[in-house]
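In: Okay, predicted coordinates and the sequence, questions at the end:
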Amino acid sequence: MGLRTSTHTENMCKSKYLFFTIACLLPLFGAACTRVPAQPEFSAPSGTISPSRLESHLAAFGQIGPRDPGSEAASIARRYVAEALSEADAELIRLSDGDREHLEARLAGRNSGEVILIVPFPTLGADAWVDDAGTVLGLELIRTLAGRELEYSLAVFFAEVQSAERSPTERIAADSVAGGALATRDAVEAAGESLIRGLGPGGKDRLSSARAVLVLEAQAYQFVRIARDLPSHPVFRALFWETATSLGQSAMFSRAGAWASPTGLQTALQEARLGRILAIVDETTVLTDLSNEGPAPPIADPAAAAKRLGPLLEVVSEGIGRLMARFERIDAFSE
């Protein structure tokens, strides 16, 4: 197990619910917690998803607050993620691209080959806040699947999202349309491009040879509904629809409504001409960014957010398991 940091620190980071204290509610006003929050101190059954741990992770990121690239708060957030992955006994790999540092967590499988999941990991200031839902979903998925025997290796990438650079003319145009929120989608897409570079010269080959590449981007402010992404792999999409229906989440993975092509991490993969991609992207993420409401604040009710995100993670976890079982049957048939 990895070493826990600041398990019994004073004042701001004394327990997993510090965000209730005055000091760590200051992110709402632009300040940030200055110590690494403790990991959840309660255990959860091996191999099962814990909404309580989702809640604790959301609360921890809320207390850390806004985090500009290169800031102390950004370093604290990255250390928190690393400690959570260490506790799950996942192999941790750091991938650098300029001033960005993406994180990779790996769980070994019994067969050669891998399934890749990519989630956004925001390091943004208060004027461009990105929901931490994707990050906490990635952390809890790793912990959950670490307690199961996997047919294939699983790699979860936490792609660092920074503010997108815009010319003055572009910023004025974005502000006039959506309060500057359009920059958020550009920033997430740029994170995907940076991740590919961070993988090094063989990065595209690795992504293209993966059995499946899944992108998970959610939000935690209202109901969750996954967009019907037109460019996504049709077989993978159908498998996740079937999985959601079997778990009573057909409304979350709806077959109704218009087809869409949301932008984000998957856009960079598609532009790199990579196949086997499934975008599990919350359509309300895009709708929020295209509204006039501006950037999202820290999550005020982690318990309610965790209750919304838990069923999504159940579908993703079960869907990955079914994908791996499908690949194993294919491999056995081809031998």
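Out: Nice, thanks for sending it over. Residues are numbered from 1 along each chain as shown.
In: Could you use CA atoms for every contact and neighbour count after this?
Out: OK.
In: which helices and strands does the helix of greatest length in the chain pack with?
Out: Counting by DSSP state H, the longest helix found in the chain is helix 302-334. Contacting helix 302-334 under the criterion 3 or more C-alpha pairs under 8 Å, 6 or more residues apart in numbering; DSSP states H and E are the following elements: helix 51-64, helix 133-145, helix 234-246.
In: what element comes up after the longest one heading to the C-terminus?
Out: Using DSSP states H and E, the next helix or strand after helix 51-64 towards the C-terminus is helix 72-87.
In: hmm, back to that, and the helices and strands packed on helix 302-334 as a markdown table, adding mean pLDDT, distance to Leu312 and mean neighbour count?
Out: As requested, the helices and strands packed on helix 302-334 are exported to a markdown table (pLDDT from 0 to 100; distance: least, C-alpha to C-alpha, whole Å; neighbours: other C-alpha atoms under 10 Å):
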| stretch | mean pLDDT | distance to Leu312 | mean neighbour count |
| --- | --- | --- | --- |
| helix 51-64 | 92 | 11 | 26 |
| helix 133-145 | 96 | 9 | 24 |
| helix 234-246 | 97 | 9 | 18 |
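In: would you list the ones you listed in CSV and tack on distance to Ser317?
Out: Output for the helices and strands packed on helix 302-334, formatted as CSV (distance: least, C-alpha to C-alpha, whole Å):
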stretch, distance to Ser317
helix 51-64, 14
helix 133-145, 7
helix 234-246, 10
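In: Quick one: work out the angle between the longest helix of the chain and helix 133-145.
Out: Angular relation of helix 302-334 and helix 133-145 on a 0 to 180 degree scale: 60 degrees, by axes from the mean of the first three to the mean of the last three C-alpha atoms, to 10 degrees.
In: for this structure, what's the longest strand?
Out: In terms of residue count, the longest strand belonging to the chain (DSSP state E) is strand 111-122.
In: Mind listing the strands that strand pairs with, and their directions?
Out: The strands beside strand 111-122 in its sheet (DSSP bridges) come out as strand 152-161 (parallel), strand 212-217 (parallel).
In: Mind putting those strands into CSV with distance to Gly321 and mean pLDDT?
Out: Compiled in CSV, the strands paired with strand 111-122 are given as follows (distance: least, C-alpha to C-alpha, whole Å; pLDDT from 0 to 100):
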stretch, distance to Gly321, mean pLDDT
strand 152-161, 10, 97
strand 212-217, 12, 96
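In: Now render these as TSV, adding distance to Ala300.
Out: Below are those laid out as TSV (distance: least, C-alpha to C-alpha, whole Å):
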stretch	distance to Ala300
strand 152-161	22
strand 212-217	20
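In: Make TSV from those strands and add mean neighbour count and distance to Thr263 to it.
Out: Converted to TSV, these look like this (neighbours: other C-alpha atoms under 10 Å; distance: least, C-alpha to C-alpha, whole Å):
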stretch	mean neighbour count	distance to Thr263
strand 152-161	25	14
strand 212-217	25	11
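In: before we move on, back to that, list the buried ones in the longest strand of the chain?
Out: Gly113, Glu114, Val115, Ile116, Leu117, Ile118, Val119, Pro120, Phe121, Pro122 (16 or more other C-alpha atoms under 10 Å).
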